[in-house]
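Visitor: need a 3D model of the following:
(one chain, ligands or ions: 2)
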Amino acid sequence: MARPTLIAPSILAADFAHLADEVAAVERGGADLLHVDVMDGHFVPNLTVGPPIVESLKKVTKLPLDVHLMITNADAYIAEFAAAGADYLTVHVEACPHLHRTVQAIKERGVKAGVTLNPATSLQTIEEILPDVDLVLIMSVNPGFGGQKFIASCLQKVARARQMIDRAQSRALLEVDGGVKADNAAQVLAAGADVLVAGSAIFSSRDYAATIAALRAAGHPAPVHR
Ligand code: DX5
Ligand code: ZN
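Guide: Ligands and ions are numbered 1, 2, ... in the order given. Coordinates of the predicted model:
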């Protein structure tokens with residue numbers, strides 16, 4: 001059975017001075033999740049937002065909040081992000097030496113648990129945790145900034161992650177984040193992704209709804225009429 005394609009706009013590329021309007025626009029435009037990038041200036045060389053913004057977003061949108069923690073000490077903030085209204089909390093394997101404990105701590109708070117890895121990190125690092133997670137995020141750029149170029153070798157990794165998830169009979173969604181645009185979305189979806197994160201592709205476009213629709217449609221190429 002064909003899997004639905006989900007689109008998660010990353011607010012990192014939105015106009016923060018008009019965040020509620022930006023979120024409303026992608027919600028009207030057909031987004032499925034709202035991707036929130038949390039950076040601590042330590043795990044990644046950039047600073048963004050924390051629990052108060054998640055809490056504020058929760059009040060203005062019905063979209064599930066897909067919170068991507070690019071932070072060194074994720075364990076110390078799980079309770080706060082859960083209370084703020086995160087629906088998914090995704091942690092980096094590179095930053096979580098006790099990943100199983102971290103994933104359980106997320107799930108104990110009734111939040112869906114995701115794990116993610118940097119482009120140079122092997123998929124083997126998530127093999128043992130697959131049965132426990134709700135989401136696997138493959139980074140297709142080195143995290144820290146929006147608007148970077150998709151690293152082509154990550155396509156192979158997405159395909160291998162798909163096989164791993166299916167082999168483990170895991171229900172985890174497979175999400176891809178970084179440099180996803182209308183012109184590579186078909187390849188990313190063909191490799192087996194369920195969820196496309198897109199920041200600059202959506203928020204730099206004139207018509208958010210049309211861009212979201214184009215990203216989604218990339219997974220369903222038009223039939224060839226003979
Ligand atoms: C990168 C972030 C991404 C980023 C994606 O560190 O995790 O979510 O916002 O932005 P684009 O789609 O512009 O590459
Ligand atoms: Zn992200």
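Visitor: right, is stretch 103-119 up against ligand 2?
Guide: No - Stretch 103-119 lies out of reach of ligand 2 by C-beta under 5 Å from the ion, never closer than 8.1 Å. Backbone N, C-alpha and C define where each C-beta goes, glycine included.
Visitor: that stretch: how far from the chain's middle?
Guide: How far stretch 103-119 lies from its chain's middle: 12 Å, per C-alpha atoms, centre = their mean, to the nearest Å.
Visitor: what are the contacting residues of it?
Guide: With C-beta atoms under 8 Å, 6 or more residues apart in numbering as the test, stretch 103-119 has contacts from 66, 68, 75, 78-79, 81-82, 86-94, 99, 123, 125-126, 129, 132-143, 151, 153-154, 157, 172, 175, 177.
Visitor: and if you look at stretch 121-134?
Guide: Residues outside stretch 121-134 that contact it (C-beta under 8 Å, 6+ apart): 88, 93-94, 99-100, 103-104, 107, 112-115, 117, 136, 157, 160-161, 164-165, 168, 170-173.
Visitor: interface residues of the chain facing ligand 1?
Guide: Proximity of the chain to ligand 1, by C-beta under 6 Å from any ligand atom, involves residues 10, 12-13, 35, 37, 68, 141, 143-148, 177-180, 197-201.
Visitor: just the buried residues of those residues.
Guide: Among the residues of the chain next to ligand 1, those classed as buried by 16 or more other C-beta atoms under 10 Å are 10, 12-13, 35, 37, 68, 141, 143-146, 177-180, 197-201.
Visitor: which among the residues you listed are in contact with ligand 2?
Guide: Checking these against ligand 2 by C-beta under 5 Å from the ion, the ones in range are D37, H68, D177.
Visitor: in strands, which of the residues you listed appear?
Guide: The strands, defined by DSSP state E, take in D37, H68, D177 from those.
Visitor: pLDDT for these - can I get that in TSV?
Guide: Output for those, formatted as TSV (pLDDT from 0 to 100):
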residue	pLDDT
D37	98
H68	99
D177	98
